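Undergrad: Sequence plus the predicted model coming up.
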Amino acid sequence: MTRARQPSVTATLLRYLATASKHHTMYPPEHPIVKRALEDLVQVVDLLVRDRDSVTFQIYSDTFFLENQMLPEESLRNAGLLTACLDRNVGLFALQHGITPSEIHAFVGLLNTSVAELRKAGGAEPFLKGQGVEHIAVGPPRDAPPTDMPIQVEPTSAYEAGHTVAQDLRAQATRRQPLDMNKARVFLSAAIEVVLENRTALLTLMTGKNHDESSSYHAVNVAILALLMGTRLGLERDALMVLGMGALLHDIGKVRIPQSLLNRATWLSTEDQDVLNRHPVHGGNILRDLEGLGRLAAVCALEHHIHFDGGGYPRIVGKARPHLFSRIVAIADAYDTVTSARRGTQRALRVDLAMRWIAVGLGSVYDPVVGKVFLRMMGAFPVGSLVQLDRGELAVVLRPSESRVDRPLVQLLHEGRPAGVLDLAVETSRWISAGIDPADVNVDVEAVITPPLPAA
């Protein structure tokens, strides 16, 4: 079970600012709901600037930043606030020590002033000065962060942003609405930053999530695995963005498959399997009219089940091999599918056995070069594997070794609880004797490898 995450003060501030702005448009200024929203906002602002000279929020490419920290999850959850800022040419707002409740109220008023009125006032900065605001500075939007700014992203924020985006895109496709590719870019930009900095962080977050191959978490996991492979293959950021988009949308065609069939907890008949196997064609059709990134996303959706040797589905005449990105997505999709909770009669495959299963398919089902990159990247026992060591202890894999795929860094367990860390690449006298299914020994792997939540 995934544990609830304590929202940060930053996330709370943006949410309360969005709420106060929304209520300001819906009710008279003296309405109790408006007053309560403003009071809550004032308290959070006071908490945030109490021990600092100022706190600066910036918007780059449809994403909020706090100083140099990217806030993808908060940007998606507060999209209305972000739009309100950009519509009023506010790409930066700095809250300074000494800020008063009346100044905060004035800033909320700015976000609800019409664009035409704001122009008459000369823009956001003169408007605030006219309201007597001295402790809030504003500035225009910028397309991208400065090249010398080190960008930080909390992995959990990136992961949950992906979940939000995948749900939204699936809902839009179900209703046959245009897909909001900008939201996808917010998640992918954050995910790329994380995988370039620390490839283990997102692999850890993927561990223990209770999902199946039709869930939004599956789309996020496939995108993460594809990006990790892309970095290993030397792809540049622009190419990683295209690859990530294709991976995130690879199963979008399943919205055209009856839900009753996707949810069926029994073996499928040949006829039902044929219906399910149409989802790549549906996905290609959904994405084929998209511009830019969407064009290759359509290719990945269409080709991710074709197989390296063309023996999968759908059959495409006259093409020797699927696109490289489709071959990357195929491996990521297969791994996350077989290691996920299953609605059908099959039990989720142990992760180390999934690696062997993929290795067997190299050269036929999977691209042998890409597959070898994946196997070395993940290790013989991927992050989150429960293993038994040579002396009988149980341990959970924390990080694969860069030099030996069978000698990862592990967290030793005693009665199911952490009991020290062992680097098998260093301690060469120790080794893994077997992989273990956590369900067989009642070990909560996610609880072992996930850091404890901060106190509220």
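TA: Everything's here; your move. Residues are numbered from 1 along each chain as shown.

Undergrad: Every contact and neighbour count from this point should use C-alpha atoms.
TA: Noted.

Undergrad: what residues are up against the spatially closest residue to Met245 that is not a sequence neighbour?
TA: Spatial nearest neighbour of Met245, excluding adjacent residues (C-alpha to C-alpha, 6 or more residues apart in numbering): Ala297 at 6.0 Å. By C-alpha atoms under 8 Å, 6 or more residues apart in numbering, the residues touching Ala297 are Val242, Leu243, Met245, Gly246, Ala247, Leu249, His250, Leu287.

Undergrad: And Val222, by the same measure?
TA: Ala247, Leu248, Val329, Ala332, Asp333, Asp336.

Undergrad: give me that answer again for 10 Å
TA: Val222 is in contact with 228, 244, 246-250, 328-337, counting by C-alpha atoms under 10 Å, 6 or more residues apart in numbering.

Undergrad: helix or strand for it, which one?
TA: For Val222, the host element (DSSP states H and E) is helix 216-232.

Undergrad: Mind checking what helix or strand follows that helix in sequence?
TA: Assignment by DSSP H and E places the next element after helix 216-232 at helix 237-248.

Undergrad: Tell me the confidence at Gly344?
TA: On pLDDT, Gly344 comes in at 53.

Undergrad: Same question for Ser61.
TA: 85.

Undergrad: next one: Glu213
TA: pLDDT, Glu213: 53.

Undergrad: next one: the one 10 residues further on
TA: The model reports Ala223 with a pLDDT of 97.

Undergrad: Could you report the distance from it to Tyr217?
TA: 10 Å (C-alpha to C-alpha, to the nearest Å).

Undergrad: Now for these two: what residues contact both?
TA: Gly162, Leu248.

Undergrad: can I get the contacts of Ala297 in JSON lines with distance to Ala191, neighbour count and pLDDT?
TA: Converted to JSON lines, the contacts of Ala297 look like this (distance: C-alpha to C-alpha, whole Å; neighbours: other C-alpha atoms under 10 Å; pLDDT from 0 to 100):
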{"residue": "Val242", "distance to Ala191": "13", "neighbour count": "21", "pLDDT": "95"}
{"residue": "Leu243", "distance to Ala191": "12", "neighbour count": "27", "pLDDT": "97"}
{"residue": "Met245", "distance to Ala191": "11", "neighbour count": "26", "pLDDT": "96"}
{"residue": "Gly246", "distance to Ala191": "14", "neighbour count": "31", "pLDDT": "96"}
{"residue": "Ala247", "distance to Ala191": "13", "neighbour count": "31", "pLDDT": "97"}
{"residue": "Leu249", "distance to Ala191": "15", "neighbour count": "25", "pLDDT": "96"}
{"residue": "His250", "distance to Ala191": "17", "neighbour count": "31", "pLDDT": "96"}
{"residue": "Leu287", "distance to Ala191": "22", "neighbour count": "27", "pLDDT": "93"}
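
Undergrad: For these, work out which two are farthest apart.
TA: Leu243 and Leu287 (14.2 Å; C-alpha to C-alpha).

Undergrad: Tell me which stretches of the stretch 101-250 of the chain form strands.
TA: Remark: strands assigned in the stretch 101-250 of the chain by DSSP state E, counting those that start in this stretch are 136-139, 152-153.

Undergrad: now those strands as TSV including mean neighbour count?
TA: Below are these laid out as TSV (neighbours: other C-alpha atoms under 10 Å):
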stretch	mean neighbour count
strand 136-139	18
strand 152-153	18
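
Undergrad: Any idea which of the ones you listed has the lowest pLDDT on average?
TA: strand 152-153 (a mean of 92).

Undergrad: Mind giving me the packing neighbours of it?
TA: strand 63-66, strand 69-71, helix 181-197 (3 or more C-alpha pairs under 10 Å, 6 or more residues apart in numbering; DSSP states H and E).

Undergrad: quick one, which of the ones you listed is nearest to Glu125?
TA: So among the helices and strands packed on strand 152-153, strand 63-66 is nearest, using C-alpha to C-alpha, at 19.5 Å.

Undergrad: Output the closest one as PDB, nothing but the C-alphas.
TA: Taking C-alpha atoms only, strand 63-66 is exported to PDB below (Å, rounded to 0.1, in the frame of the first residue of the first chain):
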ATOM      1  CA  THR A  63       6.000  25.100 -14.400                       C
ATOM      2  CA  PHE A  64       6.300  26.700 -11.000                       C
ATOM      3  CA  PHE A  65       9.700  26.900  -9.400                       C
ATOM      4  CA  LEU A  66      10.600  27.800  -5.800                       C
END
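
Undergrad: residue ranges with poor pLDDT in the stretch 151-300 of the chain?
TA: For the stretch 151-300 of the chain, the stretches flagged by pLDDT under 70 are 208-214, 293.

Undergrad: Reformat the strands of the stretch 101-250 of the chain as TSV; add distance to Leu203.
TA: Formatted as TSV, these follow (distance: least, C-alpha to C-alpha, whole Å):
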stretch	distance to Leu203
strand 136-139	37
strand 152-153	15
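
Undergrad: of all those, which lies closest to Met26?
TA: Nearest to Met26, of those and by C-alpha to C-alpha, is strand 136-139 at 24.7 Å.

Undergrad: Mind giving me the packing neighbours of the helix or strand hosting Ala330?
TA: According to DSSP H and E, Ala330 maps onto helix 324-338. On a contact count with 3+ C-alpha pairs under 10 Å, 6+ apart, helix 324-338 meets helix 216-232, helix 237-248, helix 293-303, helix 351-360, helix 368-378.

Undergrad: Next, format these as a markdown table and append distance to Asp440.
TA: Below are those laid out as a markdown table (distance: least, C-alpha to C-alpha, whole Å):
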| stretch | distance to Asp440 |
| --- | --- |
| helix 216-232 | 24 |
| helix 237-248 | 32 |
| helix 293-303 | 36 |
| helix 351-360 | 14 |
| helix 368-378 | 23 |
